[in-house]
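[1] Build me a model from this:
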Amino acid sequence: MNLYRRTFSALKPHWKRLVLASISSSLSSLFAALMIWLVGPLMSTLFQPGVGMAANPADDGSLMFTDMAGTQGQLGGLKEQLQTIVDQIVAAPTRQETLINFCIAIFAVVLLKNLFQYLQGFHMAYVQQSVMRDFRNRLFDKYQRLSLDYFHRRRTGQVMSRITNDVVVLNESIDLGFNRLVADSIMVLMLLVFLIILSWKLTLLASIVLPAVFGFIWYVGRKLRKYSARTQERMADVNSVLEESVNNIRIVKAFSMEKFETGKFFDATKAYFRSLVRMTRIRHLAAPINDFLTTLAGIVILMYAGSRIISGSGELGAGDFMTFVLAMFSMIKPVKSLSQVQIQLQEGMAAAQRVFEVIDTPERITEKPEAVNCKRFEQAVRYDSVSFSYNENEPVLKQVSFTVEPGDVVAIVGPSGAGKSTLLDLLPRFYDPQHGKITIDGVDIRDLSLASLRGLMGIVTQETYLFNDTIRNNIAYGLEGIEESRIIDAAMMANAHEFIGQFEHGYDTVVGNRGVMLSGGQRQRLAIARALLKNPQILIFDEATSSLDTESEVLVQQAIERLMEGRTTLVIAHRLSTVRHADRILVLSEGEIVEQGTHAELMRYNGLYARLYSMQFRDDA
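    Numbering: from 1, shown residues only. This next block holds a predicted model:
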């Protein structure tokens, strides 16, 4: 029940339009029901010459639709009151004039019904789109606050599916469920009142089938919720395969794996198709069975009451019986629609469960309410007995301790998997260590605001991340109202201004998805320009030149050296020049610092660093 409450609480901010939609829906259903009630008197006027008007034109002109076999008690009196109201509205001295009044009344009722139906649709559409927007905003905001490990453990398509597919399914359930629940409930209630007023005995006979209908609906709803969740997972798999194939299209083509990727995508769509067919089979099984059961009830009533009228022993006259039959069959559609509400809600609850799983995901990297702002780095960055693991009992870093003074260049080297990137990811709090702490100027970084902490740092990684935007906006990312001259200066210092000028649109050139329109060296230089423009005090380089060709490496290395001037730098070393000129080199192996010192000191020590040097930097010696 909590899931239903949480889901429909999304309607609260839009309660005013929801009230207007509800009122409009109620009035639309009311006028639709009035149309049915007018059928009996209209039939009497048209087909019973002696009924429906005063026998003498000189009479008061009332339509006396009360010559039929009346019922006893309060229901009979209520029916007569309703008939009297109709008499007062449409009664005329002649049948022709009465017919004209009926036409005018029907036109007015239909006009009002459709007017309120439009108002209900408009206001509900506004609510529907607002709820969908709100859920998407909540999910995206949550994604921005989740730590990196959340995304590392999930495929991109699954993450995207929550915002795209799941929100749509959830929203349809809220919208259709609410519309049907209000409009159809009122319609069914009105028609049920009419049926009871006309003949409570026949109405009771018709209701015998309802337990079977709702029992079947409950059974189908449980099955459908399970299959709906499975179908949405299969859709997430389709999104994942598609996203991975598009992002890695160069690799796919380079390895001639087009058929393999096509087969993988076909397998994903086949699994989705099978899951969807199962769900659709159950969903569409409900409608004909409900239709059959309700129609069966109608046929039984028609046979029973019709036979009694034909034999002259019926409790209803022809006009009332026509109203009863029409009202009963008119109930089939809203009852059937209401029966689908439970099924639709079950599909929506499966999507809601997935959406709220994201919203309820604990945020591992949080900011304390009393977090302080760190405006400048002046003393030292200190790792104090830091231990970290992605998975329990699989440590990546073990009791790592070291200090970085302002202006120092500290290089980190070690074999693949030693924990180098993880070590640097802890400093901007992409992750938090399980044990130990990291301090800046003696303050635990967990006591600093995230914005001020990360504002101290500029990060350049091996894989450069660019947005599908202009070069200007990529360089100035995160900075508003920046002067054009500063952007150009940063590009010049990063050795990027020259190649930018070669593009037809210069700084307004759109770089494509993930910067695909640029070479690796060009992307890297834009990343350095972005870091330069931010003017950080602490620089973090994660093998920033490891994947570049020689010419690009020289240009990027020059830009890096300019960027490093006067700044504290932590760098995962890959190239000899960075290692040899570092103030200190930390050698990491299996999550522990096994050696540290200058290049010359470590070479004399002739340990792991010397072996790595001989293997990796032999050509540069």
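
[2] what's the span of stretch 581-597, first residue to last?
    12 Å (C-alpha to C-alpha, to the nearest Å).

[3] Give me the residues contacting that stretch.
    395-402, 408-415, 418-420, 423, 571, 573, 579, 598-599, 602, 605, 607-609, 612 (C-beta atoms under 8 Å, 6 or more residues apart in numbering). The way it works is simple: take the backbone N, C-alpha and C, and place the C-beta from them, glycine included.

[4] Same question for it: list its buried residues.
    582, 584-589, 591-593, 595-596 (16 or more other C-beta atoms under 10 Å).

[5] go on, stretch 415-427?
    Buried, per 16+ other C-beta under 10 Å, within stretch 415-427: 418-427.

[6] Now Phe135: closest residue in space, sequence neighbours ignored.
    Val167 (4.8 Å; C-beta to C-beta, 6 or more residues apart in numbering).

[7] The stretch 1-150 of the chain: helices as residue ranges?
    Under the criterion DSSP state H, counting those that start in this stretch, helices of the stretch 1-150 of the chain are mapped to 2-8, 15-37, 39-47, 73-90, 95-145, 148-152.

[8] From the chain's centroid, how far away is the shortest one?
    By that I understand helix 148-152. Relative to the mean C-alpha coordinate of its chain, helix 148-152 is positioned 18 Å out (C-alpha atoms, centre = their mean, to the nearest Å).

[9] so for that helix, what's the average pLDDT?
    Helix 148-152 shows a mean pLDDT of 80.

[10] can you pull the alpha-carbon coordinates of it into PDB?
    Taking C-alpha atoms only, helix 148-152 is exported to PDB below (Å, rounded to 0.1, in the frame of the first residue of the first chain):
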ATOM      1  CA  LEU A 148      30.400   6.500  -9.300                       C
ATOM      2  CA  ASP A 149      30.100   2.900  -8.100                       C
ATOM      3  CA  TYR A 150      26.400   3.000  -8.700                       C
ATOM      4  CA  PHE A 151      26.900   3.600 -12.400                       C
ATOM      5  CA  HIS A 152      29.900   1.200 -12.600                       C
END
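
[11] Next, the buried residues of the helix or strand following it.
    Following helix 148-152 in sequence order, the next helix or strand is helix 156-161 (DSSP states H and E). By 16+ other C-beta under 10 Å, the buried positions in helix 156-161 come out as 157-161.

[12] In PDB, list the C-alpha atoms belonging to helix 156-161.
    What follows is helix 156-161, C-alpha atoms only, in PDB (Å, rounded to 0.1, in the frame of the first residue of the first chain):
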ATOM      1  CA  THR A 156      23.900   2.500 -19.200                       C
ATOM      2  CA  GLY A 157      20.700   1.300 -20.900                       C
ATOM      3  CA  GLN A 158      19.300   0.200 -17.500                       C
ATOM      4  CA  VAL A 159      20.000   3.600 -16.100                       C
ATOM      5  CA  MET A 160      18.400   5.300 -19.000                       C
ATOM      6  CA  SER A 161      15.400   3.000 -19.000                       C
END
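
[13] Give me the neighbour count for Arg364.
    14 (other C-beta atoms under 10 Å).

[14] mind checking the SS state of Ala271?
    Following DSSP: H, G, I helix; E, B strand; the rest coil, the label given to Ala271 is helix.

[15] residue contacts, the residue nearest to it when sequence neighbours are not counted?
    Nearest non-adjacent residue to Ala271, counting by C-beta to C-beta, 6+ apart: Arg234, 5.0 Å away. The contact partners of Arg234, by C-beta under 8 Å, 6+ apart, come to 268, 271-272, 275-276.

[16] Closest one to Glu463 out of these, please.
    Minimum distance to Glu463 across the contacts of Arg234 is 25.9 Å, recorded for Ala268 (C-beta to C-beta).

[17] circling back: pLDDT added to the buried residues of stretch 415-427, as CSV?
    Output for the buried residues of stretch 415-427, formatted as CSV (pLDDT from 0 to 100):
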residue, pLDDT
Ala418, 86
Gly419, 87
Lys420, 88
Ser421, 86
Thr422, 89
Leu423, 91
Leu424, 90
Asp425, 89
Leu426, 91
Leu427, 91
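
[18] from those residues, which is closest to Met349?
    Asp425 (37.5 Å).

[19] Assign the closest residue to the closest one other than its chain neighbours to helix, strand or coil.
    For Asp425, ignoring the flanking residues on the chain, the nearest one in space by C-beta to C-beta, 6+ apart is Tyr431 at 5.7 Å. Assigned with three-state DSSP, Tyr431 falls in the coil class.

[20] Around Tyr431, count how many other residues there are.
    18.

[21] hang on, the earlier thing: please, a ChimeraX command that selects the buried ones among the contacts of stretch 581-597?
    In ChimeraX, a selection of the buried entries from these looks like this (16+ other C-beta under 10 Å):
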select :395,396,397,398,400,402,408,409,410,411,412,413,414,418,419,420,423,571,573,579,598,599,602,608,609,612
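
[22] just checking, which of the contacts of stretch 581-597 belong to helices?
    420, 423, 579, 599, 602, 605, 608-609, 612 (DSSP state H).

[23] Quick check: phi and psi on the residue nearest the centre of the chain?
    By C-alpha atoms, centre = their mean, the chain has its centre lying nearest to Ile163, at 2.6 Å. Dihedral angles of Ile163 (phi, psi; degrees, to the nearest 10) stand at phi -80, psi -30.

[24] could the ones in helices among the contacts of stretch 581-597 go into TSV alongside distance to Arg523?
    TSV is the format used below for those (distance: C-beta to C-beta, whole Å):
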residue	distance to Arg523
Lys420	22
Leu423	24
Val579	24
His599	29
Leu602	32
Tyr605	37
Leu608	32
Tyr609	30
Leu612	27
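
[25] re earlier: tell me which of the buried residues of helix 156-161 is nearest to Leu11?
    Ser161 (23.7 Å).

[26] Not counting its neighbours along the chain, what's nearest the closest one?
    Spatial nearest neighbour of Ser161, chain neighbours left out: Ala236 (3.7 Å); criterion: C-beta to C-beta, 6+ apart.

[27] Next, count neighbours for that neighbour.
    With other C-beta under 10 Å as criterion, Ala236 counts 25.

[28] Tell me if I'm right that it and Val169 touch.
    No - in this structure, Ala236 is not within contact of Val169 by C-beta atoms under 8 Å, at 12.0 Å.
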